[in-house]
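Asks: Give me a model of this one.
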Amino acid sequence: MEAHTFFLILLTMLLSARILGELAARLKAPPVIGELAAGILLGPSLLGWVEPLPVIKLLAEIGIILLLFEVGLETDVMRLVKTGARPVIVATAGFLLPFGFGYAASHYLFGQELLVSLFVGGTLTATSIGITVRVLTDLKRQGSPESQVVLGAAVLDDVMGVVLLAFLYEFSVSGVVALDGTVKVLVFVALFMVLAPVAAKGMAEIIKRFSRVSQIPGLIPTTVVSLVLFFAWLAHAVGAPVLLGGFAAGLALSRRFFFPMGLAIATDPKFAHHMEEQMKPIIHLFTPIFFVMVGLSLNLRAIDWSSPFIWAFSLTLFALAVAGKMLGAFLIRETLHARLAIGLAMVPRGEVGLIFAELGRVSGIFDNEIYAAMVIVIAFTTLLPPFVMKWFFGRYASQLAVRRKR
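Replies: Here you go, the predicted model:
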């Protein structure tokens, strides 16, 4: 491809993602839906202007690494510790139930292979903390007790999801589900998640010192992106997905990193905030490319929409995805309205679910029909809950207020 042709394709992708993302936001829907729609519009499903070329896939890979870096950067493990056992119960049940439901339905009800069913279950485990936080903030509910449970649970859900992603990555590479591979990944992930953030924290201190004396602008974004890419390479080198490297780097550079054994390494809040602000433009440049790429990879014309399978499969998984998250909230001691509020806030899948689905597609685990069904499920569980949450919190605000006074 000639350079000027690639430039035209890239600007079309970026502008389409921005315009449709803005439109989605104005319609009170998550912007990720608009970015996904941009890929569907430009790709083989509708206009057929853009193909998922290798160079676009490479840019999307950078986007997904930076997306996981942002997830790690916004992860506050101390929030999870302070909120007690309830978020742990909600997160664990909201992780295991959708995974079990999705696996069982795919494998036993629809006759899919073991590896396909594991990826289907994995896709249903995700909770998009970004979408949840955005809706709770819009409703001015981010400080409420139920919101603290949700945010703590979403933090743990992200961590468990990334670990599960590492296992599924190993299975997709080897093509089989084996105990020795599982143990190997578990050891690698444990070592990586303990040692990598410590190393990243030390590197962050070096970046901080050099930023004070640097005579050239742009030191922080250059060095932080280099750090993220290095840890992505390192994760691949030890047999884990590159995404894990981005997540570990973000976790270490967040405003407060917490070790399970009780040792905390505090970060200069001003420097951490300054770093986040300088990184956001880069993250917001590359991550839409990933979501557009997801839409480009989906060929809706190649799907037999008259087939009962795709509708039965997607609607069944949608119901199970919602039920799994809702049931998790009913395992804690709360009022009925508080449980419903927590369950609804845990439903949105968003970008995290798309990461699982995309890994399944790239690995050849998902065919076009299964992949399309998963994108439909993710779209429904991303698009519908924010509207239901806004209605629910508005309708039952008084009942939730009574709960707070108690």
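
Asks: Quick check: mean pLDDT of stretch 332-345?
Replies: Stretch 332-345 shows an average pLDDT of 85 in the prediction.

Asks: Residues contacting that stretch, please?
Replies: Stretch 332-345 has contacts (Cβ atoms under 8 Å, 6 or more residues apart in numbering) with 86, 89-90, 132, 135-136, 145-147, 149-150, 153, 325-330, 385, 388-389, 392-393, 396, 399-400, 403. To be clear about C-beta, it is placed using only N, CA and C from the backbone, and glycine gets the same treatment.

Asks: Can you flag which of these belong to helices?
Replies: 86, 89-90, 132, 135-136, 145-147, 149-150, 153, 325-329, 385, 388-389, 392-393, 399-400, 403 (DSSP state H).

Asks: Using ChimeraX, define a selection of the buried residues within the contacts of stretch 332-345.
Replies: Remark: buried members of the contacts of stretch 332-345, expressed as a ChimeraX selection using 16 or more other Cβ atoms under 10 Å:
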select :86,89,90,132,135,136,145,146,147,149,150,153,325,326,327,328,329,385,389,392,393,396,400,403
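
Asks: which element is the most centrally placed residue in the chain on?
Replies: Closest to where the C-alpha atoms of the chain average out (Cα atoms, centre = their mean) is residue 352, at 2.1 Å. Assigned by DSSP states H and E, residue 352 belongs to helix 350-362.

Asks: any idea how far the residue nearest to the residue nearest to the centre of the chain when sequence neighbours are not counted lies from residue 335?
Replies: If the residues on either side of it in the chain are set aside, residue 352 comes closest to residue 126, at 3.7 Å by Cβ to Cβ, 6 or more residues apart in numbering. Going from residue 126 to residue 335 by Cβ to Cβ, to the nearest Å gives 27 Å.

Asks: With neighbour numbers in mind, choose between the two.
Replies: residue 126 (30 against 14; other Cβ atoms under 10 Å).

Asks: give the contact list for the more buried one.
Replies: Contacts of residue 126 (Cβ under 8 Å, 6+ apart): 157, 161, 349, 350, 352, 353, 355, 356.

Asks: any idea which helix or strand carries it?
Replies: Short version, using DSSP H and E: residue 126 is in no helix or strand.

Asks: Which single one of the contacts of residue 126 is nearest to residue 58?
Replies: Using Cβ to Cβ, the shortest approach to residue 58 within the contacts of residue 126 belongs to residue 355, at 16.4 Å.

Asks: you'd agree that closest one is up against residue 71?
Replies: No. Contact status for residue 355 versus residue 71: not in contact, 9.5 Å apart, counting by Cβ atoms under 8 Å.

Asks: could you measure residue 88 against residue 346, distance?
Replies: Distance from residue 88 to residue 346, by Cβ to Cβ: 13 Å.

Asks: More neighbours: the two, which one.
Replies: For residue 88 and residue 346, the more surrounded residue by other Cβ under 10 Å is residue 346, and the numbers stand at 29 against 16.

Asks: can you pull the contacts of the nearest residue to the more buried one once chain neighbours are set aside?
Replies: Once flanking residues are discounted, residue 346 sits nearest to residue 325: 4.3 Å by Cβ to Cβ, 6+ apart. Applying Cβ under 8 Å, 6+ apart to residue 325 gives the contacts 94, 97, 98, 127, 343, 346, 347.

Asks: Mind listing what's buried along the helix holding residue 352?
Replies: 350, 351, 352, 353, 354, 355, 356, 357, 358, 359, 360, 361.

Asks: How about stretch 214-224?
Replies: Using 16+ other Cβ under 10 Å as the test for burial, stretch 214-224 gives 219, 220, 221, 223, 224.

Asks: outside of that stretch, which residues touch it?
Replies: Outside stretch 214-224, the residues touching it (Cβ under 8 Å, 6+ apart) are 207, 210, 211, 253, 274, 275, 278, 279, 282.

Asks: can you rerun that using 10 Å?
Replies: Residues outside stretch 214-224 that contact it (Cβ atoms under 10 Å, 6 or more residues apart in numbering): 69, 73, 200, 203-204, 206-208, 210-213, 249-250, 253, 271, 274-283.

Asks: Could you work out the end-to-end span of that stretch for me?
Replies: 15 Å (Cα to Cα, to the nearest Å).
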